[in-house]
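Peer 1: missing the sequence, but the structure's below:
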């Protein structure tokens, strides 16, 4: 019987390499390096109305459009409690992030409509819609403690968002378009939420939403859900692609696109006006010219010609003698050319 050849043992280095490869395959893949969080820095922490400060930042998405505002009733970590209604919106500034994710923009110091504590609120309008709040003191502006939170309830959207309603005939002529944003929320917290106040806003293009408060009447117990209906309305003549946003507690819950058709009735009205007005002005101008031109050059209406018989010379009639009867005179003969006995006619004579 032929003896079997003993198996050659694996080398120590090869076995170690195989074991390392097996362990590497079994280990979970390490997550990719997280992008740096956006940062904001101020050139000064306090200033009075009428002054100016420089706001700079880094770690933002290149090419993003940012909105810079000074807001009252706010604090870093708690956000802008009153929404953009607590900010000096008319004195805000926009900034564009460069290719390296940085920006620098001067911001005028203005007093917000709400008392301090105040922050410089930097929020993305397009692309990366992050927000950063940096504490800032507006010198001479009133201060007040921040309002207490409404409760420990936490609302979350549980179903698909939709817009309900239709446009009437008046919207075709530029009337404001109206809809209802409908969604279902659930209370994921430990305490009930009573009469929650939502913020509804609409944005068009690169502009940030302008929010308005809408209060929902009712109490939402922990673990329960409710159907929310909130009205939303655009400005007169608005058309194009809009986005409806609903915010609660400083966080956006709902974003729903809304396409609004062009009010063609307004366009038709202006086209008709462009045709009717020039025609009316032309007729008025022609009437004025006709009345102001000289009398000899005025246009006269054509008169109907009356046919009159040509005037004939009166035929002399000889005086009648006594005893003679008046001789009838034909109109185409004169008294001296009429035929008589002394001068018979030659008709029929050869």
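Peer 2: Perfect, I can see it now. Note that the structure is a prediction, hence the values are computed from the model and not measured.

Peer 1: the nearest residue to residue 222 once chain neighbours are set aside: how many residues sit nearby?
Peer 2: Nearest non-adjacent residue to residue 222, counting by Cβ to Cβ, 6 or more residues apart in numbering: residue 187, 5.3 Å away. Glycine gets a C-beta too; all of them are placed from N, C-alpha and C. For residue 187, the count of nearby residues is 23 (other Cβ atoms under 10 Å).

Peer 1: which ones are touching residue 187?
Peer 2: Residues near residue 187 by Cβ atoms under 8 Å, 6 or more residues apart in numbering: 153, 154, 155, 193, 220, 221, 222, 223, 224, 225.

Peer 1: in CSV, list those residues along with pLDDT and neighbour count.
Peer 2: As requested, the contacts of residue 187 are exported to CSV (pLDDT from 0 to 100; neighbours: other Cβ atoms under 10 Å):
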residue, pLDDT, neighbour count
153, 65, 20
154, 80, 16
155, 86, 21
193, 87, 24
220, 87, 22
221, 86, 13
222, 86, 15
223, 84, 10
224, 88, 12
225, 89, 17
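
Peer 1: which strand or helix spans residue 236?
Peer 2: According to DSSP states H and E, residue 236 maps onto no helix or strand at all.

Peer 1: so it sits against residue 174, correct?
Peer 2: Yes. With contact defined as Cβ atoms under 8 Å, residue 236 counts as touching residue 174 (5.6 Å).

Peer 1: and those two? Which one has more around it.
Peer 2: Relative neighbour count places residue 174 above the other of residue 236 and residue 174, with 19 against 14, counting by other Cβ under 10 Å.

Peer 1: going by distance to residue 182, which of the contacts of residue 187 wins?
Peer 2: The shortest approach to residue 182 among the contacts of residue 187 belongs to residue 225, at 13.3 Å (Cβ to Cβ).

Peer 1: average pLDDT across the one helix or strand residue 274 maps to?
Peer 2: Per DSSP H and E, residue 274 falls inside helix 264-292. The pLDDT scores in helix 264-292 average 81.

Peer 1: what about residue 207, distance to residue 84?
Peer 2: Distance, residue 207 to residue 84, using Cβ to Cβ, to the nearest Å: 12 Å.

Peer 1: which one's more surrounded, the two?
Peer 2: residue 84 (21 against 13).

Peer 1: you'd agree the more buried one is in a helix?
Peer 2: Yes. Under DSSP: H, G, I helix; E, B strand; the rest coil, residue 84 sits within a helix.

Peer 1: for it, which non-adjacent residue is closest in space?
Peer 2: residue 211 is the one closest to residue 84 (Cβ to Cβ, 6+ apart), at 6.0 Å.

Peer 1: which residues touch stretch 259-277?
Peer 2: Against stretch 259-277 from outside (Cβ under 8 Å, 6+ apart): 167, 171-174, 177, 234, 237-242.

Peer 1: for stretch 234-243, that is, sorry about that
Peer 2: Residues contacting stretch 234-243 (Cβ under 8 Å, 6+ apart): 174-178, 202-205, 209, 255-263, 266.

Peer 1: rerun that using 7 Å as the cut-off
Peer 2: Stretch 234-243 has contacts (Cβ atoms under 7 Å, 6 or more residues apart in numbering) with 174-177, 202-204, 255, 257-263, 266.

Peer 1: in that stretch, which residues are buried?
Peer 2: 234, 238, 239, 242 (16 or more other Cβ atoms under 10 Å).

Peer 1: redo the residues you listed as TSV? Include distance to residue 122 and secondary structure.
Peer 2: Output for the buried residues of stretch 234-243, formatted as TSV (distance: Cβ to Cβ, whole Å; DSSP: H, G, I helix; E, B strand; the rest coil):
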residue	distance to residue 122	secondary structure
234	27	coil
238	28	coil
239	31	coil
242	24	strand
